[in-house]
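A.B. asks: build the 3D model from these lines:
(chains A, B, C and D)
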Number of protein chains: 2
Amino acid sequence: MEFKEAKNKFVQTWGALGSQWGINKTMAQIHALLMVSSEAVSMEEVMEELQISRGNASMNLRALMDWGIVYKEYKAGERREFFTAEKDLDELAVKIARERSKREIKPALKILKEVSSIPSNNTAEEIQFIEQTTKLYDFVLKADNVLDKITEYKDNWLTKLVVKFMK
Amino acid sequence: MEFKEAKNKFVQTWGALGSQWGINKTMAQIHALLMVSSEAVSMEEVMEELQISRGNASMNLRALMDWGIVYKEYKAGERREFFTAEKDLDELAVKIARERSKREIKPALKILKEVSSIPSNNTAEEIQFIEQTTKLYDFVLKADNVLDKITEYKDNWLTKLVVKFMK
DNA sequence: ATAAACTTTCATTTATTTTTGAAAGTTTAA
DNA sequence: TTAAACTTTCAAAAATAAATGAAAGTTTAT
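C.D. replies: Modelled structure (predicted):
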(Lines give C-alpha, C1' and ligand atoms only; values in the text may rest on other atoms or scores of the structure.)
Protein backbone atom coordinates (compact mmCIF):
# COMPACT_ATOMS: atom_id res chain seq x y z
CA MET A 1 0.00 0.00 0.00
CA GLU A 2 1.38 3.37 -0.92
CA PHE A 3 0.93 6.65 0.88
CA LYS A 4 -1.99 8.10 -1.02
CA GLU A 5 -3.97 4.92 -0.66
CA ALA A 6 -3.18 4.62 3.03
CA LYS A 7 -4.15 8.22 3.68
CA ASN A 8 -7.41 7.78 1.86
CA LYS A 9 -8.17 4.59 3.74
CA PHE A 10 -7.47 6.28 7.03
CA VAL A 11 -9.72 9.24 6.22
CA GLN A 12 -12.56 6.98 5.10
CA THR A 13 -12.27 4.75 8.16
CA TRP A 14 -12.19 7.65 10.58
CA GLY A 15 -15.23 9.09 8.80
CA ALA A 16 -17.22 5.88 9.06
CA LEU A 17 -16.30 5.61 12.73
CA GLY A 18 -17.48 9.16 13.30
CA SER A 19 -20.96 8.38 12.06
CA GLN A 20 -21.23 5.53 14.55
CA TRP A 21 -20.55 8.02 17.30
CA GLY A 22 -22.99 10.75 16.44
CA ILE A 23 -20.49 12.91 14.57
CA ASN A 24 -21.18 13.40 10.93
CA LYS A 25 -19.03 11.70 8.34
CA THR A 26 -17.57 14.78 6.71
CA MET A 27 -16.68 16.34 10.04
CA ALA A 28 -14.78 13.22 11.05
CA GLN A 29 -13.08 13.04 7.65
CA ILE A 30 -11.90 16.62 7.84
CA HIS A 31 -10.56 15.95 11.30
CA ALA A 32 -8.73 12.86 10.07
CA LEU A 33 -7.25 14.76 7.17
CA LEU A 34 -5.96 17.56 9.38
CA MET A 35 -4.63 15.16 11.97
CA VAL A 36 -2.24 13.50 9.54
CA SER A 37 -1.19 16.66 7.74
CA SER A 38 2.23 18.01 8.54
CA GLU A 39 1.17 21.55 7.69
CA ALA A 40 -1.90 23.68 8.23
CA VAL A 41 -4.43 23.13 5.45
CA SER A 42 -6.55 25.71 3.63
CA MET A 43 -10.26 25.35 3.10
CA GLU A 44 -9.63 25.05 -0.61
CA GLU A 45 -7.38 22.06 -0.01
CA VAL A 46 -9.92 20.40 2.26
CA MET A 47 -12.58 20.80 -0.44
CA GLU A 48 -10.24 19.41 -3.04
CA GLU A 49 -9.02 16.40 -1.05
CA LEU A 50 -12.44 15.34 0.16
CA GLN A 51 -14.38 16.45 -2.91
CA ILE A 52 -16.88 18.46 -0.95
CA SER A 53 -18.51 21.84 -1.48
CA ARG A 54 -17.38 25.10 0.01
CA GLY A 55 -20.42 25.36 2.27
CA ASN A 56 -19.96 21.88 3.60
CA ALA A 57 -16.28 22.49 4.34
CA SER A 58 -17.03 25.79 6.02
CA MET A 59 -19.77 24.44 8.27
CA ASN A 60 -17.90 21.38 9.38
CA LEU A 61 -14.68 23.25 10.06
CA ARG A 62 -16.69 25.61 12.19
CA ALA A 63 -18.22 22.70 14.08
CA LEU A 64 -14.78 21.19 14.68
CA MET A 65 -13.58 24.51 16.06
CA ASP A 66 -16.64 24.66 18.33
CA TRP A 67 -15.56 21.29 19.69
CA GLY A 68 -12.15 22.80 20.32
CA ILE A 69 -10.28 20.15 18.36
CA VAL A 70 -9.41 22.17 15.26
CA TYR A 71 -7.68 25.54 15.22
CA LYS A 72 -7.45 28.38 12.76
CA GLU A 73 -4.02 29.54 11.81
CA TYR A 74 -2.97 32.66 10.00
CA LYS A 75 0.08 32.69 7.78
CA ALA A 76 2.07 35.87 7.28
CA GLY A 77 1.32 37.47 3.96
CA GLU A 78 -1.58 35.11 3.28
CA ARG A 79 -5.15 36.18 3.02
CA ARG A 80 -6.55 32.70 3.43
CA GLU A 81 -7.16 30.91 6.70
CA PHE A 82 -5.47 27.64 7.45
CA PHE A 83 -6.56 24.89 9.78
CA THR A 84 -4.80 22.40 12.03
CA ALA A 85 -6.12 19.64 14.26
CA GLU A 86 -5.28 18.89 17.84
CA LYS A 87 -2.70 16.15 17.42
CA ASP A 88 -2.06 15.24 21.03
CA LEU A 89 -4.35 12.29 21.64
CA ASP A 90 -4.67 12.70 25.41
CA GLU A 91 -5.73 16.27 24.87
CA LEU A 92 -8.06 15.28 22.04
CA ALA A 93 -9.79 12.64 24.15
CA VAL A 94 -10.15 15.03 27.07
CA LYS A 95 -11.76 17.68 24.88
CA ILE A 96 -14.17 15.21 23.36
CA ALA A 97 -15.06 13.81 26.78
CA ARG A 98 -15.71 17.27 28.20
CA GLU A 99 -17.82 18.32 25.27
CA ARG A 100 -19.94 15.18 25.29
CA SER A 101 -20.40 15.44 29.02
CA LYS A 102 -21.65 18.98 28.62
CA ARG A 103 -23.84 18.33 25.59
CA GLU A 104 -25.26 14.92 26.38
CA ILE A 105 -24.65 13.63 29.89
CA LYS A 106 -25.53 16.75 31.86
CA PRO A 107 -28.89 17.28 30.08
CA ALA A 108 -29.70 13.58 30.44
CA LEU A 109 -28.99 13.78 34.16
CA LYS A 110 -31.38 16.67 34.51
CA ILE A 111 -34.20 14.67 32.93
CA LEU A 112 -33.38 11.53 34.90
CA LYS A 113 -33.64 13.50 38.10
CA GLU A 114 -36.95 14.98 37.01
CA VAL A 115 -38.63 11.74 36.02
CA SER A 116 -37.31 9.77 38.97
CA SER A 117 -38.83 12.31 41.34
CA ILE A 118 -42.49 11.79 40.56
CA PRO A 119 -44.73 10.82 43.47
CA SER A 120 -45.58 7.13 43.48
CA ASN A 121 -49.05 5.68 43.77
CA ASN A 122 -47.41 2.42 44.75
CA THR A 123 -48.45 0.35 41.79
CA ALA A 124 -45.81 -2.19 40.80
CA GLU A 125 -45.30 -0.29 37.56
CA GLU A 126 -44.63 3.01 39.25
CA ILE A 127 -42.38 1.51 41.88
CA GLN A 128 -40.28 -0.15 39.18
CA PHE A 129 -40.11 3.05 37.16
CA ILE A 130 -38.92 5.14 40.07
CA GLU A 131 -36.44 2.52 41.20
CA GLN A 132 -34.89 2.04 37.78
CA THR A 133 -34.66 5.71 36.85
CA THR A 134 -33.16 6.48 40.25
CA LYS A 135 -30.53 3.79 39.72
CA LEU A 136 -29.86 5.20 36.28
CA TYR A 137 -29.44 8.67 37.68
CA ASP A 138 -26.95 7.45 40.29
CA PHE A 139 -25.05 5.42 37.75
CA VAL A 140 -24.76 8.15 35.14
CA LEU A 141 -23.81 10.71 37.77
CA LYS A 142 -21.05 8.47 39.06
CA ALA A 143 -19.78 7.83 35.54
CA ASP A 144 -19.79 11.53 34.76
CA ASN A 145 -17.79 12.25 37.90
CA VAL A 146 -15.19 9.66 36.97
CA LEU A 147 -14.95 11.25 33.53
CA ASP A 148 -14.42 14.63 35.15
CA LYS A 149 -11.74 13.26 37.40
CA ILE A 150 -9.95 11.54 34.56
CA THR A 151 -9.92 14.61 32.38
CA GLU A 152 -8.34 16.57 35.20
CA TYR A 153 -5.18 14.58 34.71
CA LYS A 154 -4.96 15.76 31.13
CA ASP A 155 -1.49 14.56 30.27
CA ASN A 156 -1.14 10.86 30.07
CA TRP A 157 -4.43 10.14 31.75
CA LEU A 158 -4.79 6.92 29.84
CA THR A 159 -1.40 5.66 30.96
CA LYS A 160 -2.22 6.60 34.52
CA LEU A 161 -5.49 4.74 34.21
CA VAL A 162 -3.67 1.67 32.94
CA VAL A 163 -1.26 1.80 35.86
CA LYS A 164 -4.03 2.23 38.40
CA PHE A 165 -6.08 -0.49 36.89
CA MET A 166 -3.56 -3.18 36.31
CA LYS A 167 -2.29 -3.33 39.83
CA MET B 1 -45.59 15.41 36.56
CA GLU B 2 -47.54 12.19 36.68
CA PHE B 3 -46.42 8.71 35.86
CA LYS B 4 -47.51 8.45 32.24
CA GLU B 5 -45.89 11.74 31.37
CA ALA B 6 -42.68 10.84 33.17
CA LYS B 7 -42.50 7.47 31.47
CA ASN B 8 -43.01 9.04 28.08
CA LYS B 9 -40.39 11.68 28.76
CA PHE B 10 -37.91 9.03 29.81
CA VAL B 11 -38.52 6.93 26.71
CA GLN B 12 -38.17 9.94 24.42
CA THR B 13 -34.99 11.12 26.12
CA TRP B 14 -33.37 7.72 26.03
CA GLY B 15 -34.30 7.46 22.37
CA ALA B 16 -32.74 10.80 21.48
CA LEU B 17 -29.62 9.85 23.39
CA GLY B 18 -29.41 6.60 21.47
CA SER B 19 -29.23 8.36 18.15
CA GLN B 20 -26.27 10.40 19.35
CA TRP B 21 -24.47 7.15 20.06
CA GLY B 22 -24.99 5.28 16.84
CA ILE B 23 -28.00 3.31 18.03
CA ASN B 24 -31.23 4.02 16.26
CA LYS B 25 -33.99 5.90 18.00
CA THR B 26 -36.59 3.17 18.08
CA MET B 27 -34.12 0.62 19.35
CA ALA B 28 -33.19 2.88 22.25
CA GLN B 29 -36.85 3.64 22.95
CA ILE B 30 -37.78 -0.02 23.11
CA HIS B 31 -34.90 -0.60 25.46
CA ALA B 32 -36.01 2.28 27.67
CA LEU B 33 -39.56 0.98 27.73
CA LEU B 34 -38.50 -2.52 28.74
CA MET B 35 -36.06 -1.24 31.32
CA VAL B 36 -38.76 0.51 33.33
CA SER B 37 -41.41 -2.18 32.94
CA SER B 38 -42.06 -4.34 35.95
CA GLU B 39 -43.20 -7.22 33.77
CA ALA B 40 -42.11 -8.76 30.49
CA VAL B 41 -43.73 -6.98 27.56
CA SER B 42 -45.22 -8.49 24.41
CA MET B 43 -44.43 -7.27 20.93
CA GLU B 44 -48.01 -6.10 20.60
CA GLU B 45 -47.60 -3.89 23.66
CA VAL B 46 -44.34 -2.44 22.39
CA MET B 47 -46.04 -1.56 19.09
CA GLU B 48 -48.93 0.00 20.93
CA GLU B 49 -46.90 2.04 23.43
CA LEU B 50 -44.44 3.40 20.89
CA GLN B 51 -46.88 3.58 17.98
CA ILE B 52 -44.66 1.65 15.64
CA SER B 53 -45.27 -1.07 13.07
CA ARG B 54 -44.92 -4.78 13.60
CA GLY B 55 -41.87 -5.01 11.32
CA ASN B 56 -40.11 -2.20 13.08
CA ALA B 57 -40.74 -3.71 16.50
CA SER B 58 -39.59 -7.12 15.34
CA MET B 59 -36.35 -5.91 13.79
CA ASN B 60 -35.33 -3.69 16.67
CA LEU B 61 -36.15 -6.30 19.30
CA ARG B 62 -33.99 -8.70 17.36
CA ALA B 63 -31.16 -6.18 17.26
CA LEU B 64 -31.43 -5.61 21.01
CA MET B 65 -31.20 -9.35 21.57
CA ASP B 66 -28.14 -9.50 19.32
CA TRP B 67 -26.57 -6.92 21.61
CA GLY B 68 -27.41 -9.22 24.51
CA ILE B 69 -29.32 -6.56 26.44
CA VAL B 70 -32.87 -7.78 25.86
CA TYR B 71 -34.12 -11.28 26.50
CA LYS B 72 -37.06 -13.33 25.29
CA GLU B 73 -39.28 -14.84 27.88
CA TYR B 74 -41.91 -17.48 27.51
CA LYS B 75 -44.95 -17.50 29.74
CA ALA B 76 -46.69 -20.76 30.58
CA GLY B 77 -49.84 -21.21 28.58
CA GLU B 78 -49.05 -18.23 26.35
CA ARG B 79 -48.30 -18.49 22.71
CA ARG B 80 -46.80 -15.02 22.44
CA GLU B 81 -43.23 -14.11 23.24
CA PHE B 82 -42.44 -11.57 25.91
CA PHE B 83 -39.39 -9.40 26.27
CA THR B 84 -37.39 -8.03 29.18
CA ALA B 85 -34.34 -5.79 29.31
CA GLU B 86 -31.16 -6.23 31.25
CA LYS B 87 -31.87 -4.07 34.28
CA ASP B 88 -28.55 -4.35 36.08
CA LEU B 89 -26.64 -1.29 34.95
CA ASP B 90 -23.14 -2.64 35.54
CA GLU B 91 -24.02 -5.62 33.45
CA LEU B 92 -25.66 -3.45 30.81
CA ALA B 93 -22.62 -1.21 30.51
CA VAL B 94 -20.28 -4.18 30.29
CA LYS B 95 -22.31 -5.75 27.50
CA ILE B 96 -22.44 -2.52 25.55
CA ALA B 97 -18.70 -1.96 26.02
CA ARG B 98 -17.88 -5.47 24.83
CA GLU B 99 -20.11 -5.23 21.83
CA ARG B 100 -18.76 -1.87 20.73
CA SER B 101 -15.22 -3.05 21.22
CA LYS B 102 -15.91 -6.00 18.99
CA ARG B 103 -17.87 -4.12 16.35
CA GLU B 104 -15.97 -0.85 16.19
CA ILE B 105 -12.67 -0.73 18.03
CA LYS B 106 -11.20 -4.02 16.88
CA PRO B 107 -11.85 -3.36 13.15
CA ALA B 108 -10.51 0.18 13.52
CA LEU B 109 -7.34 -1.17 15.10
CA LYS B 110 -6.81 -3.50 12.19
CA ILE B 111 -6.97 -0.62 9.74
CA LEU B 112 -4.78 1.62 11.87
CA LYS B 113 -2.13 -1.07 11.93
CA GLU B 114 -2.34 -1.47 8.19
CA VAL B 115 -2.08 2.18 7.28
CA SER B 116 0.63 2.95 9.82
CA SER B 117 2.80 0.20 8.35
CA ILE B 118 3.38 1.66 4.91
CA PRO B 119 7.00 2.21 3.86
CA SER B 120 8.03 5.84 4.10
CA ASN B 121 9.73 7.82 1.38
CA ASN B 122 10.74 10.30 4.06
CA THR B 123 8.75 13.28 2.89
CA ALA B 124 7.50 15.40 5.78
CA GLU B 125 3.95 14.41 4.87
CA GLU B 126 4.65 10.71 5.00
CA ILE B 127 6.62 10.92 8.20
CA GLN B 128 3.79 12.81 9.88
CA PHE B 129 1.22 10.33 8.60
CA ILE B 130 3.09 7.32 9.90
CA GLU B 131 3.86 8.96 13.21
CA GLN B 132 0.30 10.05 13.87
CA THR B 133 -1.39 6.81 12.81
CA THR B 134 1.12 4.85 14.90
CA LYS B 135 0.31 6.99 17.92
CA LEU B 136 -3.38 6.48 17.25
CA TYR B 137 -2.90 2.75 17.04
CA ASP B 138 -1.07 2.65 20.38
CA PHE B 139 -3.63 4.89 22.02
CA VAL B 140 -6.67 2.99 20.82
CA LEU B 141 -5.07 -0.34 21.70
CA LYS B 142 -4.33 0.86 25.21
CA ALA B 143 -7.87 2.18 25.63
CA ASP B 144 -9.32 -1.08 24.40
CA ASN B 145 -7.22 -3.02 26.87
CA VAL B 146 -8.41 -0.86 29.74
CA LEU B 147 -11.99 -1.46 28.61
CA ASP B 148 -11.35 -5.19 28.59
CA LYS B 149 -9.85 -5.08 32.05
CA ILE B 150 -12.71 -3.02 33.41
CA THR B 151 -15.36 -5.30 32.01
CA GLU B 152 -13.68 -8.25 33.68
CA TYR B 153 -14.73 -6.88 37.02
CA LYS B 154 -18.35 -7.05 35.96
CA ASP B 155 -20.06 -6.39 39.25
CA ASN B 156 -19.61 -2.93 40.54
CA TRP B 157 -16.83 -2.05 38.15
CA LEU B 158 -17.85 1.57 38.20
CA THR B 159 -17.66 1.76 41.99
CA LYS B 160 -14.27 0.07 41.91
CA LEU B 161 -13.13 2.56 39.31
CA VAL B 162 -14.28 5.43 41.51
CA VAL B 163 -12.38 4.00 44.46
CA LYS B 164 -9.22 3.46 42.44
CA PHE B 165 -9.39 6.83 40.89
CA MET B 166 -10.19 9.02 43.79
CA LYS B 167 -7.33 7.92 45.95
C1' DA C 1 -52.03 -32.89 8.28
C1' DT C 2 -53.79 -28.43 9.02
C1' DA C 3 -55.19 -24.16 10.57
C1' DA C 4 -54.70 -20.63 13.95
C1' DA C 5 -51.50 -17.67 16.27
C1' DC C 6 -47.82 -15.62 16.02
C1' DT C 7 -42.95 -13.68 14.01
C1' DT C 8 -39.78 -12.36 10.35
C1' DT C 9 -38.45 -10.51 6.02
C1' DC C 10 -37.82 -7.16 2.59
C1' DA C 11 -39.35 -4.11 -1.39
C1' DT C 12 -41.35 0.19 -1.13
C1' DT C 13 -42.40 4.49 1.13
C1' DT C 14 -41.45 8.05 4.41
C1' DA C 15 -38.60 10.82 7.34
C1' DT C 16 -34.25 12.61 8.54
C1' DT C 17 -29.80 14.18 7.71
C1' DT C 18 -26.35 15.96 4.89
C1' DT C 19 -24.70 18.48 0.97
C1' DT C 20 -24.81 21.84 -2.44
C1' DG C 21 -24.18 26.32 -4.48
C1' DA C 22 -25.31 30.85 -5.12
C1' DA C 23 -26.14 35.07 -2.66
C1' DA C 24 -24.87 37.76 1.25
C1' DG C 25 -21.35 39.00 4.34
C1' DT C 26 -16.61 40.21 5.79
C1' DT C 27 -11.91 41.61 5.60
C1' DT C 28 -7.90 43.69 3.69
C1' DA C 29 -4.93 46.22 0.53
C1' DA C 30 -4.48 49.96 -2.33
C1' DT D 1 -13.95 54.17 -0.69
C1' DT D 2 -13.92 50.24 -3.33
C1' DA D 3 -13.04 46.06 -5.32
C1' DA D 4 -10.80 41.69 -4.92
C1' DA D 5 -10.25 37.68 -2.05
C1' DC D 6 -12.06 35.17 0.82
C1' DT D 7 -15.86 33.00 4.29
C1' DT D 8 -20.52 32.16 5.90
C1' DT D 9 -25.35 31.28 5.49
C1' DC D 10 -29.38 28.92 4.24
C1' DA D 11 -33.15 27.32 1.06
C1' DA D 12 -33.44 23.64 -1.94
C1' DA D 13 -31.75 19.13 -3.62
C1' DA D 14 -29.65 14.80 -2.86
C1' DA D 15 -28.32 11.07 -0.14
C1' DT D 16 -29.04 8.14 3.63
C1' DA D 17 -31.45 5.84 7.19
C1' DA D 18 -35.58 4.13 9.21
C1' DA D 19 -40.37 2.57 9.07
C1' DT D 20 -44.21 0.35 6.97
C1' DG D 21 -47.10 -3.51 5.90
C1' DA D 22 -48.25 -7.37 3.37
C1' DA D 23 -46.53 -11.78 2.13
C1' DA D 24 -43.78 -15.60 3.60
C1' DG D 25 -42.25 -18.28 7.31
C1' DT D 26 -42.70 -20.74 11.97
C1' DT D 27 -44.56 -22.99 15.67
C1' DT D 28 -47.99 -25.32 18.26
C1' DA D 29 -52.41 -27.52 19.42
C1' DT D 30 -55.64 -30.52 17.84
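
A.B. asks: A:Lys135: neighbour count?
C.D. replies: 16 (other CB atoms under 10 Å in any protein chain shown). Any C-beta I mention is one placed from the backbone N, CA and C, and that applies to glycine too.

A.B. asks: brain fart, A:Thr13
C.D. replies: 20.

A.B. asks: again with A:Glu114
C.D. replies: Neighbour count for A:Glu114, taken as other CB under 10 Å: 16.

A.B. asks: distance check, it against B:Lys25.
C.D. replies: Going from A:Glu114 to B:Lys25 by CB to CB, to the nearest Å gives 20 Å.

A.B. asks: now do A:Tyr153
C.D. replies: 35 Å.

A.B. asks: show me where chain A dips below the pLDDT cut-off.
C.D. replies: Judged by pLDDT under 70, chain A has its weakly predicted residues at A:167.

A.B. asks: for chain A, which residues are neighbours of DNA strand D?
C.D. replies: Contact residues, chain A versus DNA strand D (CB under 7 Å from any atom of the strand): A:19, A:42-44, A:54-55, A:58-59, A:61-62, A:78-81.

A.B. asks: is A:Phe82 in a helix, a strand, or coil?
C.D. replies: strand (DSSP: H, G, I helix; E, B strand; the rest coil).

A.B. asks: now the closest residue to A:Glu81 other than its chain neighbours, which residues is it bridged with?
C.D. replies: Closest residue in space to A:Glu81, ignoring its immediate chain neighbours: A:Lys72 at 5.3 Å, by CB to CB, 6 or more residues apart in numbering or on different chains. For A:Lys72, the beta-bridge partners are A:Phe83 (DSSP bridges).

A.B. asks: I'd say A:Lys72 and A:Leu64 touch.
C.D. replies: No - using CB atoms under 8 Å, A:Lys72 is not in contact with A:Leu64; the gap is 10.4 Å.

A.B. asks: so for the two, which sits in the more crowded spot?
C.D. replies: Per other CB under 10 Å, whichever of A:Lys72 and A:Leu64 has more neighbours is A:Leu64, with 21 against 11.

A.B. asks: which of the residues of chain A next to DNA strand D count as buried?
C.D. replies: If you count burial by 16 or more other CB atoms under 10 Å in any protein chain shown, the buried members of those come out as A:42-43, A:61.

A.B. asks: quick one: is stretch A:30-49 near DNA strand C?
C.D. replies: No - if you take CB under 7 Å from any atom of the strand as the test, stretch A:30-49 misses DNA strand C, and the best it gets is 7.9 Å.

A.B. asks: what comes into contact with that stretch?
C.D. replies: If you take CB atoms under 8 Å, 6 or more residues apart in numbering or on different chains as the criterion, stretch A:30-49 is touched by A:7, A:10-11, A:13-15, A:18, A:50, A:52-54, A:57-58, A:60-61, A:64, A:69-70, A:73, A:75, A:80-85, A:87, B:124-125, B:127-129, B:132-133.

A.B. asks: how far does that stretch sit from the chain's center?
C.D. replies: Centre-to-centre, stretch A:30-49 and its host chain are 18 Å apart (CA atoms, centre = their mean, to the nearest Å).
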